[in-house]
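In: Provided below for reference: sequence and predicted model.
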Amino acid sequence: SALGWGPSGRRFKSCLPDFDQPDFVHHECAAHPILSDETRTHGFLTVEQRREVGRAARKRIPRSALGEFAPADELRDPVAILQADDIGRVEQLVPIRYGRMLTSPFAFYRGAASLMAGDLASGTHSGLFAQMCGDAHLSNFGLFAAPDRRLIFDCNDFDETLPGPWEWDLKRLAASLVIAARSNGTTVAEAESTALAASAAYRDRMRELAQMTNMAVWHQRMEVDRILELLERTENQAGAAQVSKVAEKAYTRDSMREFEKLTKVVDGHRRIVADPPLIVPAEDVAKELGITMDSGQVAAFLRDVIESYKSRLLVDRRRLLDQYELVHIARKVVGVGSVGTRVWIVLLVGRDDNDPLFLQIKEAGASVYEQYLGASEYETPGARVIAGQRLMQGASDPLLGYETVDTLDGTRRDFYVRQLKDWKGSVKIEKLTPTQLAGYGALCARVLARAHARSGDRISIAGYLGKSDGLDVAGARFAAACADQNERDCARMRE
């Protein structure tokens, strides 16, 4: 259909209607005359026709229906589902994953994307597709440097990215707000208000974007200077001071800071300092695996990996990296849900020790949504991740790339590559007041709407959303029910 699914349930590669599919007209157009050949011009719908696609979707799936939370199997075992995620991970790191997840219900939620993927897939959806982040919880938004050296705020994690229903991302964001609010000790009403504010902000922003030209939407991004300007205009001095503090800290979080924190000179050579099991140099990993390789052989292997990654970059990026020498590499534990996957940090040095560059090489697997939405169209999981990131972000890391590698243990694995830190900043969710949390959630929701508008049909989505608060109420209802389920799942894991 025009709403993302072929007549046999097959997902189209594009998030937009595919009018060239041979069975397309017979599946949905008969019920919706707006999609007939007579009302299209050269294969494109008019603005009004696209808006009507959204309204038609709303008639079939009312916005109130998006508030339903009904897992396909209420007796599902969260422990078994999460343990299935551990297959293929570094075995000795798996306990660290669960240790981090069990620190709070919010931390558990961060590491349990596979649980929510199943819950979302068991419910209804609008049928309007966009590129999903796939894991759009509060902690996966933050500050980082754009290539033009402006500090921007955007989504920053795309391990689960895939085309899918736009509202799945919004539901994950709204639920994370309620869970965070509860963890911060707010009232029920205050927790609900955070989800309401996020859904309203998403709706308002999508309606704004629906009025813009394609190029104007494509160039939209959330710059920190703009956020500060808006806060000062509304005389929100406390908010402006808080954003300024986070931004100032972000400016210091770069490769030079990591160089000073993570490395030292050993026998005349700069090395990443071991801190097992959180940081383990590559030569020590080889020993763990029982592989007989001296440091020179390990270095030669790693140089080949870096050269292969560089070959996929644009020529200007390759020339830049050609000026850096590979110095050392280590495996590093990162995040919550990612713990146990293979993540490497790579130290390169340019003109001297005052010119370091840290890259992160992170293992990529199938998205948790692929079992419900179909396999990715990209050749490798790494290619899927960076394609989704570039589709959704207003600006992306210029060194973003991917590679498939025969790793030290002889297993062929997929990775994507990015800078470790380049002006990275994040908000401490646990320190936000209810009002601040609602405001921050609304900001995340506006960014998410812009991200979806770059790949999905923003006009159809806006037509579905409408002007009323129907989505807001439904989103808050879903978020509360999901937060309840998350608490039950967390308790079950603790048992």
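Out: Thanks, I have the structure now.

In: where exactly do the strands run in this protein?
Out: 129-132, 141-145, 151-155, 162-165, 222-223, 263-266, 269-272, 279-281, 325-332, 343-349, 356-363, 401-406, 412-419 (DSSP state E).

In: what's the spacing between Ser460 and Met206?
Out: Applying C-beta to C-beta, to the nearest Å, the value for Ser460 to Met206 is 10 Å. For every residue, glycine as well, the C-beta is placed using N, CA and C.

In: Same check on Tyr324?
Out: Tyr324 is 41 Å from Met206, by C-beta to C-beta.

In: re the thing from before, can you tell which of the strands of the chain is closest to Arg182?
Out: Of all the strands of the chain, it is strand 141-145 that lies closest to Arg182, at 19.4 Å by C-beta to C-beta.

In: Flag the shaky bits of the protein, pLDDT-wise.
Out: Within the chain, the stretches with pLDDT under 70 are 1-43.

In: Let's see that with 90 instead.
Out: 1-44, 70-76, 226-243, 283, 286-305, 406-410 (pLDDT under 90).

In: re earlier: tell me which of Tyr324 and Met206 has more neighbours.
Out: Met206 (27 against 18; other C-beta atoms under 10 Å).

In: Please, where are all the helices along the stretch 1-150 of the chain?
Out: Assigned by DSSP state H, counting those that start in this stretch, the helices in the stretch 1-150 of the chain fall at 24, 47-60, 78-85, 94-101, 105-110, 113-121.

In: could I get the ones you listed as CSV with distance to Leu170 and mean neighbour count?
Out: Formatted as CSV, those follow (distance: least, C-beta to C-beta, whole Å; neighbours: other C-beta atoms under 10 Å):
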stretch, distance to Leu170, mean neighbour count
helix 24, 27, 18
helix 47-60, 15, 18
helix 78-85, 23, 15
helix 94-101, 23, 17
helix 105-110, 15, 24
helix 113-121, 11, 22
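
In: Determine which of those approaches Ala274 most closely.
Out: Nearest to Ala274, of those and by C-beta to C-beta, is helix 94-101 at 16.0 Å.

In: and the closest one, what does it pack onto?
Out: helix 105-110, helix 470-494 (3 or more C-beta pairs under 8 Å, 6 or more residues apart in numbering; DSSP states H and E).

In: Thr411: which of those helices is closest?
Out: helix 105-110 (27.2 Å).

In: Thr380 is nearest to which of the helices and strands packed on helix 94-101?
Out: Here helix 105-110 is closest among the helices and strands packed on helix 94-101 (C-beta to C-beta), at 25.2 Å.

In: which residues sit against the closest one?
Out: Outside helix 105-110, the residues within contact range by C-beta atoms under 8 Å, 6 or more residues apart in numbering are 100-102, 116, 137, 139, 175-176, 179-180, 182-183, 335-337, 429, 483, 486-487, 489-490, 493.

In: sorry, back to before: would you tell me which of the strands of the chain gets closest to Tyr369?
Out: Per C-beta to C-beta, nearest to Tyr369 of the strands of the chain: strand 162-165, 4.8 Å.
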